[in-house]
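structure, please.
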Amino acid sequence: MAYTFTQYQESADRIKEKIGSFVPKVAMVLGSGLGFLGDIVEDPIAIPYGEIPHFKASTAPGHKGQLVFGTLAGKNVAVMQGRMHHYEGYEYDEVSYAVRVLRLLGCDTLIVTNAAGCVRTDWQAGDLMLITDQIKMFSESPLRGANLPEFGVRFPDASHLYTPRLQQIARETAADMFITLREGVYFYCYGPQYETPAEIRAVRILGGDAVGMSTAPEAIAAGHCGMEILGFTLLSNMAAGILDQPLSEKEVLDAAEAAKDKFSRLVLGCLRKI
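Residues are numbered from 1 along each chain as shown. Alright, predicted model coming up:
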């Protein structure tokens, strides 16, 4: 479907009724098993997606499906505990809908996280990766259809979709905390099936370092409306064909739980410096 600017505004207005004069500056989209950061927001105001006009439900395992407004690491934040995915049956403008609403509410920065398969054989499951770029060539754009000039131009530049300034903050923060931070390209595949070993070989040839089913649509929408973007991937498992074992969603959630401490320290450290 194609949303109108009026619909985005209706969603923002309903949220404003709930949060009053509070103005979030940093939007956070938290992926599989990583929504716990929303649980430590101070003075929280939680709004289930079902209470916001035009929002869709988040059905993936580990996704609570609510927005949490409040302060985190001294910053006014809007935390998405759960995202929408194309594999749930949603169109790409539905997947990225919340990002534009949060922009209307005042967010000028997006921190986006995900759990993804590790394509690099010299890295290991459990590592954290700073997203320096992304590949999303084989599916529609969330910007398809009539352009909404209230958000951005018809043909937005994506040369620095993930903001170099924020990447440097992440590098320095990880070094200060003695956290190993990989850097690489996130390759988007829309699922819900995990990739085949042949597809992983193709991803590697094309330049992907991690492969997952989210993040890219939200980043495109955020870049279109002028937001700065910082992205992290938890390499939750080795991608198909690297190890002689099947992939499972339990493995992803278990890895997220195991990485909770270092992941939260890194993200909160970056948030303080933004």
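
going forward, measure contacts between C-alpha atoms and count neighbours the same way
Fine.

for the residue sitting nearest the centre point of the chain, give its distance to residue 91.
For the chain, the residue sitting closest to the mean C-alpha position, by CA atoms, centre = their mean, is residue 112 at 3.2 Å. The gap separating residue 112 from residue 91 is 19 Å, by CA to CA, to the nearest Å.

now swap in residue 255 and tell me
From residue 255 across to residue 91, the span is 29 Å (CA to CA).

out of the two, which sits in the busier spot?
Per other CA atoms under 10 Å, whichever of residue 255 and residue 91 has more neighbours is residue 255, with 21 against 18.

can you tell me the SS state at the residue lying closest to that one once chain neighbours are set aside?
What sits nearest to residue 255 in space, not counting adjacent residues and going by CA to CA, 6 or more residues apart in numbering, is residue 236, at 5.2 Å. Judged by DSSP: H, G, I helix; E, B strand; the rest coil, the three-state class of residue 236 is strand.

state the pLDDT value of residue 236.
pLDDT recorded at residue 236 is 90.

count the neighbours of it for me.
28.

phi and psi next, for the residue lying farthest from the centre of the chain.
For the chain, the largest distance from the centre (CA atoms, centre = their mean) belongs to residue 244, which lies 29.1 Å off. Main-chain dihedrals, residue 244, degrees, to the nearest 10: phi -90, psi 70.

can you list the weak-confidence ranges in the stretch 1-150 of the chain?
1, 32-33, 59-63 (pLDDT under 70).

for it, which segments count as strands?
All strands of the stretch 1-150 of the chain, identified by DSSP state E, counting those that start in this stretch, fall at 26-30, 42-48, 66-72, 75-81, 109-118, 128-135.

can you tell me how far the residue farthest from the centre of the chain is from residue 197?
Residue 244 is 11 Å from residue 197, by CA to CA.
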